[in-house]
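In: mind folding the following:
(chains A and B)
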Amino acid sequence: MILNLLAALCVALALGCAVTWIACPRTQPRPASALLVVFVGLGSGLGISSVLLFLWLMATDGAGKAEPVWLTVLAIVLAVVAMHPRWRRHALQSSLPADTSRAPWLSICSGLAGVAAAAAFVLMCFHSPHGRWDAWSDWNRHARFMFRGGPHWRDVFSSAEAAWTATYPMLTPGAVAQGWFFANQESLLAPNAVAFLFAASAAGLLTSSLSLLRGRNQGLIAGLILLCSPGFVDQATTQYADIPLASFYLGAVLLLCLHDAIGNSPGWLVMAGLMTGLAAWTKPEGLVFTLTLVLVRCIVVGLGRGLKAWVAELLPFALGLLPVLALVLFFKFHMVGASSYFIQGQTQHTIIGRVLTGHRYLLIVKAFATQSMSWGGWGVTLLPMLLLYLLVVGINPNRRDWTSIGTSFLTITLMACAYFLVYVITPQDLPTQLDQSLDRVLMQLWPLTIFAFFLLARTPDEAVQEGSSEIASGVQTRSATESLG
Amino acid sequence: MTYANRVRAAVALIVFFGLASSLHLVRSGYVEARAAGPGSDPMTLFGTRLDPMGRDLPSSGIVGYVTDTSNDLQNNPDREFIWTRYYLAPLLVTVGSHWHYVVGNFHNPVPSKLLSDSHLVLVRNYGNGMLLFVNSDQ
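Out: Numbering: from 1, shown residues only, chains lettered A, B, ... in the order given. This next block holds a predicted model:
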């Protein structure tokens, strides 16, 4: 059974890596480049396999037993296509900076952080192998309908369930059910493995992309901060969809940033569109993210390079986005009804009444501030510490990174504003809702926030060299050989 | 302290506090795991209680659910109700006794008034407060 589950994960990984390999240009023969393909492939592979399972169940009226065979064949075919020399030939001369930074102690510490996070995840899974409330009531229950339901797999969206079941999209349930179809039996290993892999994907994406964009040490520090955030590991063990969503948010933005840094190939944009679509297939917030990201790129690219440049990048982005978005809209309007949890049963009058209630804003601002001050769960308050770190190392001086920095920060800001607005109009009891969901909602943006922060911050090596060259200005160039290690 | 050393110290501080936090996380994970090892968590134990009844129920459709743990399951579902829905999927489990099959989950002796008012007839008692009823009106 474990081997079959492993096979499911390997097939998803092969599928995602093949698609990424075909779509994205090679950067440099660095380990970070290979790792980026693996981690983009991991998230997108789990997402694509979930989409394909859903379509299969739709087409066969719930008869999913043969689906693993076809998925395996598809993964093999795509892997063979990806190995064709044609895809190796489109390697391009990278405009990424050469990275000579090496700090073995930092690699060791990051490795330790990874091992500790994995160990903590496993130990916490022993304690709560079924995850937490939403995993039982929605995510894994939906996976059970997909696996056990046969022709009744859609009963979970029937009117009898309307009062109980959130009409969430099906990426996480699909990924879990996919594992069960491969194993031909249910096992708690599948939801736990999916939760673990999405968390690993977020950490891997963060480390590898920043290693490419800003140097290896910068990537390692960023990855270490994410892996050492107890809230991140804790959220992963809940088996909710917030960490997968965080992984797709990060993936979409970093692929756009890689496009900004490398350019010349629409492949990054296609994959960014795919990751955005998969975010929309994960949770309803993903649809907000889709609109936000399109708007942000319109502003940032439109202001920087003109609207023509934005339209030119929108087309390949839409190529990756639209197939999954079409499925999300079909699901939303055809299968479960389009009503939103937050506006359902509310009149225009009650919504306006909430918008005009100042007390609600105070409550929300207070909750956001409290979360921010205790964020991360470190022994020290993390956000002031990061600000202090930024003051010491300084700001990234490379102007070519400013489109990426603008994209990242504007996306985070607008998403935070959207979440804020949702709290303003929520029909639920506001303090309860804030108490139950704000940490999860902010965790969706946490990996992206670390990414944006380390895009903005000067790398330690840049800072050390700059400092050394200022001291020894005009005397020696020892700064060129000095580094963090 | 030179600027270069300040930068090194800043990185070292981040790494130190990060690893300290990781260590704390592993420790608390260990304590949690010791408190309830695999298979002994409340949800798994509840699943074991419910399992025999699951075999006697149809594989799809809707069944009712009655309990003595909450007076307002509709608005404040308790975790055992959510667990029942999870374990019996793809069978739909809904609050009330207006269905042919009704799952009973009781922690105290079954109130006879509930049975008579709802026209419930006991089909089987699985022990541990798990009872299967049929509604004679449905």
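In: my read is B:Leu122 is in a strand, agree?
Out: Yes - counting by DSSP: H, G, I helix; E, B strand; the rest coil, B:Leu122 is found in a strand.
In: would you enumerate the residues in contact with it?
Out: By C-beta atoms under 8 Å, 6 or more residues apart in numbering or on different chains, the residues touching B:Leu122 are B:Leu115, B:Leu131, B:Leu132, B:Phe133. (Glycine included, C-beta is placed from N, CA and C.)
In: tell me the spacing between it and B:Ser136.
Out: 11 Å (C-beta to C-beta, to the nearest Å).
In: repeat that for A:Leu206.
Out: Counting by C-beta to C-beta, the gap from A:Leu206 to B:Ser136 is 61 Å.
In: next one: A:Ser44
Out: Noted for A:Ser44: a distance of 54 Å to B:Ser136, by C-beta to C-beta.
In: the more surrounded of these two?
Out: More crowded of A:Ser44 and B:Ser136, by other C-beta atoms under 10 Å in any protein chain shown: A:Ser44, with 28 against 10.
In: wait, that one sits on A:Ala272?
Out: No - in this structure, A:Ser44 is not within contact of A:Ala272 by C-beta atoms under 8 Å, at 10.7 Å.
In: touching both of those two, which residues are there?
Out: A:Gly251.
In: quick one: A:Asn140 is in a strand?
Out: No - counting by three-state DSSP, A:Asn140 is not found in a strand; it is helix.
In: mind listing what it touches?
Out: A:His130, A:Gly131, A:Pro173, A:Val176, A:Pro191, A:Gln239, B:Tyr86.
In: count the residues that sit near the last one.
Out: Applying the criterion other C-beta under 10 Å, we find 22 residues in the vicinity of B:Tyr86.
In: likewise the third one?
Out: A:Pro173 has 27 neighbours, counted by other C-beta under 10 Å.
In: so what's it up against?
Out: A:Pro173 neighbours (C-beta under 8 Å, 6+ apart): A:Ser50, A:Trp139, A:Asn140, A:His142, A:Ala143, A:Phe145, A:Met146.
In: tell me the domain ranges of chain B?
Out: Annotated domains of chain B cover B:1-35, B:42-135 [automatic domain parsing].
In: which residues in chain B form helices?
Out: Here chain B has its helices, by DSSP state H, at B:3-35, B:42-56, B:79-88, B:112-118.
In: CSV for the ones you listed, including distance to chain A and mean pLDDT?
Out: Output for those, formatted as CSV (distance: least, C-beta to the nearest C-beta, whole Å; pLDDT from 0 to 100):
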stretch, distance to chain A, mean pLDDT
helix B:3-35, 3, 91
helix B:42-56, 5, 93
helix B:79-88, 4, 94
helix B:112-118, 19, 81
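In: remind me which residues of the stretch 151-300 of chain A are low pLDDT?
Out: A:165-166, A:264 (pLDDT under 70).
In: want to throw the helices of chain B into JSON lines with distance to A:Thr413?
Out: Output for the helices of chain B, formatted as JSON lines (distance: least, C-beta to C-beta, whole Å):
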{"stretch": "helix B:3-35", "distance to A:Thr413": "24"}
{"stretch": "helix B:42-56", "distance to A:Thr413": "39"}
{"stretch": "helix B:79-88", "distance to A:Thr413": "36"}
{"stretch": "helix B:112-118", "distance to A:Thr413": "54"}
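In: what parts of the stretch 301-450 of chain A come near chain B?
Out: A:Gly376, A:Gly377, A:Trp378, A:Gly379, A:Val380, A:Met385, A:Leu388, A:Tyr389, A:Val392, A:Val393 (C-beta under 8 Å from any C-beta of the partner chain).
In: buried only: go through these for me.
Out: A:Gly376, A:Gly377, A:Trp378, A:Met385, A:Tyr389, A:Val392, A:Val393 (16 or more other C-beta atoms under 10 Å in any protein chain shown).
In: ok, now which ones touch the most centrally placed residue in chain A?
Out: Central residue of chain A (C-alpha atoms, centre = their mean): A:Ser247, 1.6 Å from the mean position. By C-beta under 8 Å, 6+ apart, the contact list for A:Ser247 reads A:Gly43, A:Phe198, A:Ala199, A:Ser201, A:Ala202, A:Leu205, A:Pro447.
In: check which helix or strand it maps to.
Out: helix A:242-262 (DSSP states H and E).
In: mind listing what A:Leu52 touches?
Out: Neighbours of A:Leu52 in contact, by C-beta under 8 Å, 6+ apart: A:Glu67, A:Leu71, A:Leu74.
In: and B:Tyr30, by the same measure?
Out: B:Tyr30 touches A:Leu123, counting by C-beta under 8 Å, 6+ apart.
In: neighbours around residue 132, how many?
Out: By default, I'm working from chain A. 16.
In: switch to chain B, please.
Out: There are 19 residues near B:Leu132, going by other C-beta under 10 Å.
In: right, and it touches B:His100 too?
Out: No - using C-beta under 8 Å, B:Leu132 is not in contact with B:His100, being 11.1 Å away.
In: in contact with the residue nearest to the spatial centre of chain B, which residues?
Out: Per C-alpha atoms, centre = their mean, the C-alpha nearest to the average position across chain B is that of B:Trp83, at 3.4 Å. Counting by C-beta under 8 Å, 6+ apart, B:Trp83 makes contact with A:Trp136, B:Met43, B:Phe46, B:Gly47, B:Leu50.
In: many thanks, I have nothing further to ask.
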